[in-house]
Structure formats: C-alpha cells, structure tokens
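Undergrad: attaching a predicted model along with its sequence, questions to come.
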Amino acid sequence: MANTVKILDVLSLTHNVKRIKTEKPNGYQFTPGQATEVAINKKDWTEEKRPFTFTSLPDEDHLEFVIKTYHDHKGVTNEIDSLVEGDELIIDDAWGAIEYKGTGTFIAGGAGITPFIAIFRDLEKKGEIGENSLIFSNKTGDDVILESYFNDILGENFISTLTHQNIEGHENKMVDMDFLKRHIENFTQHFYVCGPDAMVKDVSKYLEMLGANPEGITFEK
C-alpha cells in the first residue's frame, strides 16, 4: 500500500550521500535490513520507484533513508539530491531478505552498507554488537559512509578498504579470495553481503570456496 510522507530533515553525510528523515505512517512496520520502493511526490516522478533501505529503527517515530546520489544521469537519485524539508515521498510496504540471523561478518560495497546500518544500530541499542565484524569496500576515503560510527561501535572489527586510494587507516585492496582469507578465521559463521551485483556474486562464491555454508550467506536475491 502506498503512503505519502513529508520530509522532516535532510543532511549530507558525504559528498554524494544524503540522510533523509520522513514522517512515519501509523502502523507502518519493517525489520532492520528491509527496504521499500520510494518515489518522489512531484509531477513526472510519482511512478519512478526505486528501492531504498530503512536506516531508522522500527520503534522510532520517523523513517530514515541513507541515499547515494548519482548526477551522471538525470534519474531519481539526482532528483532526490535537490529535495528539501517539506517535500514529499511516496513509499510502499516494506520488503527484503536481509535480516540478522546471528553473529557474523558483514561485507558491504559502497551504498550496499545501507541495510547494515539499521542492523548495527539495532544491535547497538540492544547491547548485542558482540563479535560481529564489518568489511566495507569503497573507491576513496570520501566515499566511506558513517566511518566514525562504525569505528566507534566495532573498533578493530571494522575493516575499511579502498580500491582507488591508499590512505592511512584503510586497506588498499579489492575484497577477493586472498583478502577474505587474511581477515576471516572462521568460515562457519554467518555472512551478510550487500553491494553491486557483481561484487555480491563474487564474494559469495569466494566464501563458499573457503568453506562457508551457502545457507549461511545472506544477501538480497
């Protein structure tokens, strides 16, 4: 069912990532890691739906999305970049296969971090971060979403790697078989993978080759 919600706040997190808070419809439900189809309530844009993940928690009184904007084509995210407080979005019901199933390693590429934001926020609130770890791959240091937050809650269990830049505090490697072998000791744990389709496919394949149970790898199918 479609709901029209007003934007309450817009904040820039990086040079091309916005955090957008909106009203929350009465009775609206989702679980951390889920997404919804979003359209902009403006002429010519109401039928242009795109999937975005909730980064708020289910019990909060608002909804929140962290959205990477792309300016190389005049699409939905380019239009979202110009939205301000008071504008409106149209959202559908929640959906998605990514949910927390137990302690494990989260592997994200770029904007694929978004379902993990809500999961980690939920774990932090419950005091259950435990030994969960995050491998987060981006092109450059400027692309790393919520870097200080993940450093704070995960410490040494947060590994940031950059494919196009070599700077202190980050690795400068692709997340390939060798990378996974160096950073993961236990392949019987849960794995959560989200990012570009090719990355998800490759990383899932590498994990299986290294001994991970295919049933223990969670990703958006």
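TA: Received it, and whenever you're ready, just let me know what you need. Numbers count the residues shown, from 1 in each chain.

Undergrad: my read: residue 6 touches residue 22, true?
TA: Yes: at 6.5 Å, residue 6 and residue 22 qualify as touching, with contact defined as Cβ atoms under 8 Å. All C-beta spots, glycine's among them, are computed from the backbone N, C-alpha and C.

Undergrad: who's more crowded, these two?
TA: More crowded of residue 6 and residue 22, by other Cβ atoms under 10 Å: residue 22, with 23 against 12.

Undergrad: spit out the contact partners of that one.
TA: By Cβ atoms under 8 Å, 6 or more residues apart in numbering, the residues touching residue 22 are 5, 6, 7, 8, 62, 63, 64, 65, 89, 91.

Undergrad: if you set the cut-off to 7 Å instead, what comes out?
TA: If a contact means Cβ atoms under 7 Å, 6 or more residues apart in numbering, then residue 22 has 5, 6, 7, 8, 62, 63, 89 as its contacts.

Undergrad: so which of those residues belong to strands?
TA: Secondary structure defined by DSSP state E assigns 5, 6, 7, 8, 62, 63, 89 of these to strands.

Undergrad: gap between the fifth one and residue 153?
TA: Translated: residue 62. Residue 62 sits 21 Å away from residue 153 when distances are taken as Cβ to Cβ, to the nearest Å.

Undergrad: those two: who's more crowded?
TA: Remark: of residue 62 and residue 153, residue 153 carries more neighbours, 17 against 12, as counted by other Cβ under 10 Å.

Undergrad: just to check, that one is in contact with residue 129?
TA: Yes: in this structure, residue 153 sits in contact with residue 129. The criterion is Cβ atoms under 7 Å, and the distance is 5.7 Å.

Undergrad: so what's residue 36 up against?
TA: Applying Cβ under 7 Å, 6+ apart, one finds that residue 36 lies in contact with 52, 91, 92, 93, 94, 95.

Undergrad: buried ones in the helix or strand of the chain with the lowest mean pLDDT?
TA: Scoring the helices and strands of the chain by mean pLDDT, DSSP states H and E places helix 76-80 at the bottom, with a mean of 91. Going by neighbour count (16 or more other Cβ atoms under 10 Å), the buried part of helix 76-80 is 76, 77, 80.

Undergrad: ok, stretch 11-30 next?
TA: Buried residues in stretch 11-30, counted by 16+ other Cβ under 10 Å: 13-14, 16-24, 28, 30.

Undergrad: please name the nearest non-neighbouring residue to residue 93.
TA: Nearest residue to residue 93 in three dimensions, chain neighbours excluded: residue 1, at 6.0 Å (Cβ to Cβ, 6 or more residues apart in numbering).

Undergrad: report how many residues lie close to the one you found.
TA: A count of neighbours around residue 1, defined by other Cβ under 10 Å, yields 7.

Undergrad: distance check, it against residue 194.
TA: As for residue 1, its distance to residue 194 is 26 Å (criterion: Cβ to Cβ).

Undergrad: again, but for residue 81
TA: The gap separating residue 81 from residue 194 is 22 Å, by Cβ to Cβ.

Undergrad: those two: which is more packed in?
TA: residue 194 (24 against 17).

Undergrad: returning to that earlier point: out of the ones in strands among the contacts of residue 22, grab the one that's most surrounded.
TA: Highest neighbour count within those, by other Cβ under 10 Å: residue 63, with 27 neighbours.

Undergrad: so it touches residue 55, yeah?
TA: No: in this structure, residue 63 sits apart from residue 55 without contact. The criterion is Cβ under 7 Å, and the distance is 9.0 Å.

Undergrad: okay, and the common contacts of those two?
TA: By Cβ under 7 Å, 6+ apart, residue 63 and residue 55 have no common neighbours.
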